[in-house]
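> Give me the fold of what follows.
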Amino acid sequence: MSTGRPLRTRERVIVGLGIAFALLVTLGGGLGLAAEGFEGRTALREGPVGTLAPTDRQCGKESCDWIGTFTSTDGTVTARDIELRDEIKVRRDDPMPGAIDGVRLAEDAGTAYTSDYGWRAPVAKGAALGVVGLAVATGLGLMLRRRRGAGESP
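Here you go, the predicted model:
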């Protein structure tokens with residue numbers, strides 16, 4: 001059974017680039033999201049506890065994150081330019097708080113997490129993105145294989 005005409009070289013290259021793009025998005029985006037979730041979980045279990053004194057905010061399309069200086073409760077750890085991840089949505093016009101207590105610093109010392117941070121959501125989103133990306137890459141690969149086979153049949 002023929003599935004159509006064989007793909008031209010240009011079409012095969014485009015499909016191959018689509019496969020590579022789907023895999024890059026899967027690896028970059030999916031693993032990145034999952035890594036953020038796991039980093040948050042580890043920080044909430046093992047990171048030093050302290051206070052974040054916001055000095056600025058970094059805004060994306062939907063919300064902002066506080067950026068500030070972390071100081072551990074015992075005073076042994078101080079880190080600047082720490083991004084705070086939590087469940088509270090910060091808007092561009094929200095007033096800057098004086099200090100946020102009960103924050104845990106991640107090992108890489110670039111991010112801190114509040115106790116209400118939901119680490120499971122980024123892990124689930126990363127896994128879902130990975131599954132979808134692999135499915136798209138597999139589907140494109142199968143299409144490419146079928147079309148190659150169509151050109152070889154009499």
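
> just checking, what packs against the longest strand anywhere in the chain?
In the chain, taking DSSP state E as the definition, the longest strand is strand 49-59. Applying 3 or more Cβ pairs under 8 Å, 6 or more residues apart in numbering; DSSP states H and E, we find strand 49-59 packed against strand 64-72, strand 78-85, strand 100-105. All C-beta atoms are positioned from the backbone trio N, CA, C, and that covers glycine.

> right, and those - which one's nearest Gly126?
Gly126 sits nearest to strand 78-85 of all the helices and strands packed on strand 49-59, at 14.7 Å, using Cβ to Cβ.

> Let me see the ranges of the helices in this structure.
9-25, 31-46, 120-152 (DSSP state H).

> from those helices, which stretch is densest packed?
Burial of the helices of the chain is given as mean neighbour count (mean count of other Cβ atoms under 10 Å); helix 31-46 ranks first at a mean of 17.

> and that one, what does it pack onto?
strand 100-105, strand 111-113, helix 120-152.

> ok, the closest residue to Leu23 other than its chain neighbours to Ala127 distance?
Counting by Cβ to Cβ, 6 or more residues apart in numbering, Leu23 lies nearest to Ala137, which is 5.2 Å off, once chain neighbours are set aside. Distance of Ala137 to Ala127, computed by Cβ to Cβ, to the nearest Å: 16 Å.
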